[in-house]
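> I need the structure of the sequence given here:
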Amino acid sequence: MNKRLIIGLTLAVVVAFALSAFVYHAFKKASLASLVSKPATTQIVVAAMPLALGTPLDSRNVKLIPWPEGEPVAGMFTRIQDCANRAVITSVAENEPILEGKLAPLAAGAGLPATIPEGMRAVSVAVNDVVAVAGFVMPGTMVDVLVTAALPNGRSQSITRTILENVRVLAAGQKIEQDKDGKPQTVPVITLLVSPEDAAKLTMAATEGKIQLALRNTIDVKAVDPPPVLESVLFGGAPAPVRRAPSGKYIPPPKPYLIEVISGNKHETKSFPRQ
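Numbers count the residues shown, from 1 in each chain. Got it, this is the predicted structure:
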């Protein structure tokens, strides 16, 4: 009886040893396979801290991190010296890759001038709290520009028209970045990004008339081209000016509203222009 027990224990020990040896070799093989299959890496330049618009890059605000060699990003940098002394033309978050498309040319300098695309201009106009939409016109917002001025040729009435649509605000006062809270601020000057032709329009409007900024949603990029508003139409009931269609044909003004007024035995029909 003792002999059978000894044989059984011996067999159990042998089986347990064989199983443990099998498990050990399986784990070892898996570990070696994972080491062999580990992808090769390179280095990529990223922001070491949040970077504001116009910030020049140097070794203090960028760093290198590992990056899969087989997953390159278009425009990435693998050496800090390749992007040093160039300014970012957009805000960059911490650990965000530094890409060629986010940098100004090497000779563009830093600050606001580096953020102006080639062929565009930055024009500053004096504003007050009303013109600046109660301080909510801040860097990065989009606005329309309206101007009110007297009609030429000695006509004694004013006209208001939209001269620019969907214009980006580059700076408010001395700031080219919004603060973290997005709070309104009172600034004496707003700088807008415009084409050279629109720069001339804006300068003329600010010099000869009174401008007003209309804040718009940044995702609303549709051009509306609203008709001008004449003082006589707005306050005097005169017919609205005739608009010209894109095809060159004239569009007749809309028919006025007709309202019948009854006062005792007196009946009177009054007309009001449609806007």
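
> Let me see the ranges of the helices in the stretch 51-200 of the chain.
Ranges of helices within the stretch 51-200 of the chain are 196-208, based on DSSP state H, counting those that start in this stretch.

> Test my guess that Leu106 contacts Cys83.
No: here Leu106 does not reach Cys83: they are 9.4 Å apart, not a contact under C-beta atoms under 8 Å. C-beta here means a position set from N, CA and C on the backbone, and glycine is covered the same way.

> tell me the SS of the residue lying closest to Ile65 once chain neighbours are set aside?
Among residues not flanking Ile65 along the chain, Val46 sits closest, at 5.5 Å (C-beta to C-beta, 6 or more residues apart in numbering). Classification of Val46 using DSSP: H, G, I helix; E, B strand; the rest coil returns strand.

> what sits against Val46?
Residues in contact with Val46 (C-beta atoms under 8 Å, 6 or more residues apart in numbering) are Val62, Lys63, Leu64, Ile65, Asn95, Glu96, Pro97, Ile98.

> Distance of it relative to Gly75?
13 Å (C-beta to C-beta, to the nearest Å).

> Val145 now?
In terms of C-beta to C-beta, Val145 sits 34 Å off from Gly75.

> neighbour count winner among the two?
Neighbours around Val145 and Gly75, counted as other C-beta atoms under 10 Å, are more numerous at Val145. The numbers are 24 against 12.

> Check the protein for its longest strand and report it.
strand 158-172 (DSSP state E).

> Okay, buried residues for that strand please.
By 16 or more other C-beta atoms under 10 Å, the buried positions in strand 158-172 come out as 158-165, 167, 169-172.

> try stretch 141-156
For stretch 141-156, by 16+ other C-beta under 10 Å, it's Thr141, Met142, Val143, Asp144, Val145, Leu146, Val147, Ala149.

> now the strands: where do they sit in the stretch 51-200 of the chain?
With strands called from DSSP state E, counting those that start in this stretch, the stretch 51-200 of the chain shows them at 62-68, 121-126, 142-150, 158-172, 189-194.

> Throw those into a markdown table and include distance to Leu230, thanks.
Output for the strands of the stretch 51-200 of the chain, formatted as a markdown table (distance: least, C-beta to C-beta, whole Å):
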| stretch | distance to Leu230 |
| --- | --- |
| strand 62-68 | 56 |
| strand 121-126 | 24 |
| strand 142-150 | 11 |
| strand 158-172 | 5 |
| strand 189-194 | 26 |
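
> what's the closest of the ones you listed to Thr115?
strand 158-172 (6.6 Å; C-beta to C-beta).

> circling back: would you turn the buried residues of stretch 141-156 into JSON lines with pLDDT?
Output for the buried residues of stretch 141-156, formatted as JSON lines (pLDDT from 0 to 100):
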{"residue": "Thr141", "pLDDT": "88"}
{"residue": "Met142", "pLDDT": "92"}
{"residue": "Val143", "pLDDT": "93"}
{"residue": "Asp144", "pLDDT": "94"}
{"residue": "Val145", "pLDDT": "94"}
{"residue": "Leu146", "pLDDT": "93"}
{"residue": "Val147", "pLDDT": "93"}
{"residue": "Ala149", "pLDDT": "90"}
